[in-house]
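# Sharing a model prediction with you, sequence too.
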Amino acid sequence: MPVVHVVNRGLKYKVARGATILKAAQNSEADWHWLCGGQALCGTCAVLVVEGALAQPSALEQYFIEGWGYHPAFRLACQAKVLGDVSVIACSDVGHDQQAALGLLTEAQSRKRHGRAAR
């Protein structure tokens, strides 16, 4: 069973292959912000992918990510289907500030390159 690691929270959730990141959080009774009922309309569940195996974005998810002008590593937790272990950053924890989230992504990737555990 794949594991979703939320790097900036230090939490890990098991999830069935093909389920979304949001579903993994909900099944673990984790506090996760989302407002649109998982319809890819609000962006409150946005994550940045540090590394891992997710299905390609659906046309709807891609439309919203591009329309919002997000970095390509951004995904919507309500839409991103887990195919294997994945590490993400929950953007709600930085007030959905794209630059702050990208700073956390750079830090997490640097830690990985230097063999240090992500916090």
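Everything's here; your move. Numbers count the residues shown, from 1 in each chain.

# Any regions of the chain where pLDDT drops low?
93-98, 114-119 (pLDDT under 70).

# Work out which residue lies at the spatial centre of it.
In the chain, the centroid-proximal residue (CA atoms, centre = their mean) is Val47; its distance is 3.0 Å.

# The closest residue to that residue other than its chain neighbours - how many residues pack around it?
Spatially, and ignoring its direct neighbours in sequence, Val47 is nearest to Val88 (4.1 Å; CB to CB, 6 or more residues apart in numbering). Quick note: C-beta positions are derived from backbone N, CA and C, even for glycine. Using other CB atoms under 10 Å, Val88 has 27 neighbouring residues.

# ok but Val88 is inside a strand, no?
Yes. Under DSSP: H, G, I helix; E, B strand; the rest coil, Val88 falls within a strand.

# rewinding a little: buried sites along the one helix or strand the residue nearest to the centre of the chain maps to?
In this assignment (DSSP states H and E), Val47 forms part of strand 46-54. For strand 46-54, a neighbour-count test (16 or more other CB atoms under 10 Å) marks Ala46, Val47, Leu48, Val49, Val50, Gly52, Leu54 as buried.

# for stretch 13-30, same thing?
Within stretch 13-30, judged by 16+ other CB under 10 Å, the buried ones are Tyr13, Val15, Ala19, Thr20, Ile21, Leu22, Lys23, Ala24, Ala25, Gln26.

# What values do phi and psi take at the first one?
Think Tyr13. Dihedral pair for Tyr13: phi -130, psi 140, per degrees, to the nearest 10.

# Return the closest of the buried residues of strand 46-54 with respect to Leu83.
Here the nearest of those to Leu83, counting by CB to CB, is Leu54; it sits at 6.2 Å.

# Quickly list what that closest one is bridged to.
Val82 (DSSP bridges).

# surely it meets Asp85?
No. At 10.4 Å, Leu54 and Asp85 do not qualify as touching, with contact defined as CB atoms under 8 Å.

# what angle do the longest helix belonging to the chain and strand 46-54 make?
Ordering each helix of the chain by length in residues (DSSP state H) puts helix 98-113 first. Angle, helix 98-113 to strand 46-54, by axes from the mean of the first three to the mean of the last three CA atoms, to 10 degrees: 30 degrees.
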